[in-house]
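Peer 1: model this:
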Amino acid sequence: MGEVISAGGHSLGSLLSHARVLARLETLLRGFIGAHTTTQLQVANLREDRLILITPTATSATRLRLQTPQLLSFLQSSGYAQLRHIDIRVAPPTHQPEQTRLRRRPSVEAERTFKNFHHLTSKPEP
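Peer 2: As a prediction, the model looks like this:
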């Protein structure tokens, strides 16, 4: 069983550890940036000296790119001194929230037209 979990030199423990690091980075960034921006931010990966962030819109990506020097400085002072680069990528969400359509009543004129049309088309021809 242990061979399955650590097959190829990658153990489940190292994968979980990496996931914890990503979650910690995301928490730090959310605290630093603020709630309104961080709803559109996801830490995707950390590779050596490069942090990869994903955001759903080009606007939020631009905003984050402008903040990159401050983000790097903050993260370096928070224990991630190895960071040298932050890549920001745009990836729209895969599922869109379902919108409910409101049904409106037809106008009085539309109801009258429907009734007249129904009256004209429902009479049997002689």
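Peer 1: Tell me, what's the model's pLDDT at residue 12?
Peer 2: You'll see residue 12 listed with a pLDDT of 83.
Peer 1: Poorly predicted segments of the chain, please.
Peer 2: For the chain, applying pLDDT under 70 flags the ranges 1-10, 35-39, 95-101, 123-126.
Peer 1: Buried ones in the top helix by length along it, by neighbour count?
Peer 2: The residue-count maximum for a helix in the chain (DSSP state H) belongs to helix 12-33. Neighbour counts over helix 12-33 (16 or more other CB atoms under 10 Å) mark 22, 25, 26, 28, 29, 33 as buried. (C-beta placed from N, C-alpha, C; glycine too.)
Peer 1: List of residues touching it?
Peer 2: Applying CB atoms under 8 Å, 6 or more residues apart in numbering, the contact partners of helix 12-33 are 5-6, 38, 41-46, 51, 53, 64, 67, 71, 74-75, 78, 80.
Peer 1: Of those residues, keep whichever come out buried.
Peer 2: Using 16+ other CB under 10 Å, the buried ones in these are 38, 41-44, 46, 51, 53, 64, 67, 71, 74-75, 80.
Peer 1: Just these: which are in strands?
Peer 2: The strands, defined by DSSP state E, take in 42, 43, 44, 46, 51, 53 from the buried ones among the contacts of helix 12-33.
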